[in-house]
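# sequence? don't have it. structure:
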């Protein structure tokens with residue numbers, strides 16, 4: 001597309017391809033971060049259950065025997081660990097929610113950019129098997 005001033009604009013199809021590639025990279029980054037958050041949360045939840053179980057057995061043992069200073073210290077340490085796990089799990093849940101919001105915002109930009117509907121472009125914006133969040 002040439003004009004009288006010698007300025008040439010790019011073909012809209014090329015612009016669309018550039019937009020799709022850029023949004024695809026961003027979508028893949030969001031998916032990678034979401035997977036990291038999920039992996040951390042899964043590992044933390046496993047450790048949380050184990051720590052909670054240990055704390056329950058220790059409290060039960062203390063009820064059956066006089067509490068020693070060592071056991072009291074262990075209960076305190078386990079309680080602190082459990083509270084830290086709960087705080088971190090809550091933080092990870094907030095991060096996961098933020099990633100879903102960002103993903104939704106990206107889909108909205110994709111819709112507004114004139115590019116094809118992202119739902120129809122699954123191969124460009126989401127890994128195979130990923131659901132819409």
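All right, it came through fine. Keep in mind the model is a prediction, meaning the values are calculated, not measured.
# And the residue nearest the centre of the chain, which helix or strand is it part of?
Most central in the chain under Cα atoms, centre = their mean is residue 34, positioned 2.7 Å from the mean C-alpha point. Residue 34 is part of helix 12-64, with elements assigned from DSSP states H and E.
# So which elements touch that helix?
helix 69-112, helix 122-125 (3 or more Cβ pairs under 8 Å, 6 or more residues apart in numbering; DSSP states H and E). Any C-beta I mention is one placed from the backbone N, CA and C, and that applies to glycine too.
# Output those helices in CSV; the columns should cover mean pLDDT.
As requested, the helices and strands packed on helix 12-64 are exported to CSV (pLDDT from 0 to 100):
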stretch, mean pLDDT
helix 69-112, 90
helix 122-125, 44
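# Quick check: which of those helices has the most neighbours on average?
Ranked by mean neighbour count, the helices and strands packed on helix 12-64 are led by helix 122-125 with a mean of 16 (mean count of other Cβ atoms under 10 Å).
# And residue 99, how close does it get to residue 24?
16 Å (Cβ to Cβ, to the nearest Å).
# quick one, what contacts the residue nearest to residue 88 when sequence neighbours are not counted?
Closest residue to residue 88 apart from its sequence neighbours, by Cβ to Cβ, 6 or more residues apart in numbering: residue 44 at 5.9 Å. Applying Cβ atoms under 8 Å, 6 or more residues apart in numbering to residue 44 gives the contacts 85, 88-89, 92.
# export those to a markdown table and tack on distance to residue 13?
Formatted as a markdown table, those follow (distance: Cβ to Cβ, whole Å):
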| residue | distance to residue 13 |
| --- | --- |
| 85 | 51 |
| 88 | 47 |
| 89 | 46 |
| 92 | 41 |
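# which one of those residues is nearest residue 62?
residue 85 (21.3 Å; Cβ to Cβ).
# Against residue 106, how distant is that closest one?
31 Å.
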